[in-house]
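# Predicted model and sequence below, questions to follow.
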Amino acid sequence: MMATRHGLRADAERIWQEAIGAVAPQRLLALALADLLGSLPAGRIVVVGAGKAAAAMAAGLEEHLAAAGFPPERLSGLVSVPEGCGRKLRSIEVRQTRPAGVNLPTPRVVTATAAMMTSLGGLGPADLAVALISGGGSALLAAPRDGLALDDKIAVTRFLSGAGADIGALNTVRRGASAVKAGGLARACTAGRLVVLVLSDVIGDPLDLIASGPCMPTPAEPQVALDLLERFGAIAAGIAPRLVEHLRHDLAAGAAPRPSAPAGPNWQTPAGCRVSHRIVGNNDTAVEAAAAAARALGYETTVRHARPGPPASLESAEAIGRRLAAEGLVLAALAARDGHARAVIEGGEATVVIPADHGVGGRNQQTVLAAVASAADWPTGLLVASLGTDGEDGPTDAAGALADADVARILAADKPALERALARCDSLPMLERAGGLVRTGPTGTNVADVRIVLARP
């Protein structure tokens, strides 16, 4: 099939739809469950979970158990999701606990988390617990340690995010503030077995970082957390002083505030519960599907899978935008010369340092705005897009953005305004006026971001 000559946007939409469809949780659960659960328990199955994909994962689990003949009256559970990701299930409650586009915990999250931990603590050796964990889970599972308030956690998360901290830094600090993260959810479980199914939104799939590792026995690292707070300026700014006090107390005591255990995906809690993890999908899954769609549309396709460590975890949205624009200009020139359409598909998650006087936008919108700002002349046959697979880009209702020749022309018409928007992280208003926003609505999944460069004659 030839690449669509006058339909770069249509091609891009087809590609990102295939990427999102490939990480649909119900589909992934069906592939993973058949060999994972094995024989069903003689007792109950209790399901807990959190994340943007938790509702669809719960639906897939219910479907699998129903097909296997498991009695629905022995199945119960609760999962915590953002507003817009809810659905009605037969046995598992799906509770919408935070507003869409606001990736911070709420009192409803704390209440739901307490209910999950209580339900896990009422199980016996013949019972099975299943935890469904996906991206966004850190803000959808919250149990502040004694002496800390939810406001402390929110304040430090907001500050570190605005200072450009990556997910690893954020979750290291979160672990020091939480009774549910870093294995706290698993330690509450008294079932004979806990199966943890994970849809990963973190590059490299580190189980201790995805949703802050609620079922991973990660040791507390108070010194590392304090160093991060110092490096990003949170201590000097007086952010969450009670958390700083707790971390210093932990350090002085010389012991972790939670039981230690071997750091691994399969372990046994002090209560005797056997814990096992399985990654059911990740960013690579979406990138491969997007690349296959690009090839099917006739593009000679280069694929780049993000990997942990620099640059994947540290590359800024601005740097990514400049890099993609430069590569796109080269590909567009080659396509014009030899008539062969070309594409680049890559995964990852950009960082953004948000100024105090910031506007409205997200990392994907910032990436696309930076791409346009760095190109002196945008060719007709070039498109650059960057999207969050969850349908949320920062605190906005857009999944991300794209720039083709029409969008680039409108944005470049007022270069000073473009540069101001880029400096203030105020990408959404400009992209909206230029017709460059991509809105998918909540997708019910989350495996970080997919970036697309399309060039054709």
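Done, it's in.
# going forward, measure contacts between C-alpha atoms and count neighbours the same way
Will do.
# So what's the residue count around Ala448?
22 (other C-alpha atoms under 10 Å).
# what's the weakest-modelled helix or strand in the chain?
In the chain, no helix or strand scores lower on mean pLDDT, DSSP states H and E than helix 25-36, which sits at a mean of 81.
# That one: which residues count as buried?
For helix 25-36, a neighbour-count test (16 or more other C-alpha atoms under 10 Å) marks 25-30, 33 as buried.
# Those into JSON lines, with extra columns for distance to Arg231?
Below are the buried residues of helix 25-36 laid out as JSON lines (distance: C-alpha to C-alpha, whole Å):
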{"residue": "Pro25", "distance to Arg231": "37"}
{"residue": "Gln26", "distance to Arg231": "41"}
{"residue": "Arg27", "distance to Arg231": "42"}
{"residue": "Leu28", "distance to Arg231": "39"}
{"residue": "Leu29", "distance to Arg231": "40"}
{"residue": "Ala30", "distance to Arg231": "44"}
{"residue": "Leu33", "distance to Arg231": "43"}
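# how about the strands of the protein, start to end?
45-50, 75-82, 92-98, 128-134, 193-199, 267-268, 274-281, 300-304, 342-348, 382-388, 400-403, 437-438, 449-455 (DSSP state E).
# got those strands as CSV, with distance to Ala370 columns?
Shown next, in CSV, are the strands of the chain (distance: least, C-alpha to C-alpha, whole Å):
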stretch, distance to Ala370
strand 45-50, 33
strand 75-82, 29
strand 92-98, 31
strand 128-134, 29
strand 193-199, 30
strand 267-268, 45
strand 274-281, 30
strand 300-304, 20
strand 342-348, 16
strand 382-388, 11
strand 400-403, 10
strand 437-438, 14
strand 449-455, 14
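# how about these, which one is nearest Thr367?
strand 382-388 (7.0 Å; C-alpha to C-alpha).
# picking that back up, check which helices and strands the least confident helix or strand of the chain sits against.
Applying 3 or more C-alpha pairs under 8 Å, 6 or more residues apart in numbering; DSSP states H and E, we find helix 25-36 packed against helix 54-67, strand 274-281.
# looking at those, which is buried most?
helix 54-67 (a mean of 22; mean count of other C-alpha atoms under 10 Å).
# How about residues contacting that helix?
Contact with helix 54-67 is made by 24-27, 29-30, 33, 47, 72, 79-81, 85-87, 89-92, 94, 132-134, 444-445, as judged by C-alpha atoms under 8 Å, 6 or more residues apart in numbering.
# Now a ChimeraX select for only the buried ones of these.
If you want just the buried ones from those in ChimeraX, going by 16+ other C-alpha under 10 Å, the selection is:
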select :24,25,26,27,29,30,33,47,79,80,81,85,86,91,92,94,132,133,134,444,445
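# I'd like to know how many residues surround Asp338.
10.
# Now the longest helix out of those in the chain: buried residues?
Scanning the chain for the helix with the most residues, using DSSP state H, yields helix 317-338. Going by neighbour count (16+ other C-alpha under 10 Å), the buried part of helix 317-338 is 317-322, 324-325, 328-329, 331-335.
# hmm, back to that, select, out of the strands of the chain, the one closest to Cys425.
Across the strands of the chain, closest to Cys425 is strand 400-403 (C-alpha to C-alpha), at 13.4 Å.
# residues in contact with the nearest residue in space to Asn283 that is not next to it in sequence?
Leaving aside its sequence neighbours, Asn283 sits nearest to Val447 (C-alpha to C-alpha, 6 or more residues apart in numbering; 4.9 Å). Applying C-alpha under 8 Å, 6+ apart, we find Val447 in contact with 23, 135, 199-202, 281-283, 286, 388-390.
# how far away is Val447 from Ala350?
In this structure, Val447 and Ala350 are 13 Å apart, going by C-alpha to C-alpha, to the nearest Å.
# One more: Met117?
33 Å.
# more neighbours, these two?
Ala350 (25 against 19).
# hang on, isn't the more buried one packed against Gly321?
No. The criterion here is C-alpha atoms under 8 Å, and Ala350 misses it with Gly321 at 9.8 Å.
# Overlap of the contact sets of those two?
By C-alpha under 8 Å, 6+ apart, Ala350 and Gly321 have these common neighbours: Thr367.
# Any idea what the closest residue to Arg193 other than its chain neighbours is bridged to?
Leaving aside its chain neighbours, Arg193 sits nearest to Arg274 (4.7 Å; criterion: C-alpha to C-alpha, 6+ apart). Beta-bridge pairing for Arg274 (DSSP bridges): Arg193, Gln268.
# about what we covered before: ok, which of the strands of the chain comes nearest Arg14?
That would be strand 449-455 among the strands of the chain, by C-alpha to C-alpha, at 11.3 Å.
# Direction included, what does that closest one pair against?
strand 342-348 (antiparallel), strand 382-388 (antiparallel).
# Tell me which of these is the most buried.
strand 382-388 (a mean of 29).
# Residues in contact with it: which ones?
Under C-alpha under 8 Å, 6+ apart, the answer for strand 382-388 is 8-9, 12, 324-325, 328-329, 332, 364-365, 367-368, 371, 393, 399-405, 438, 446-456.
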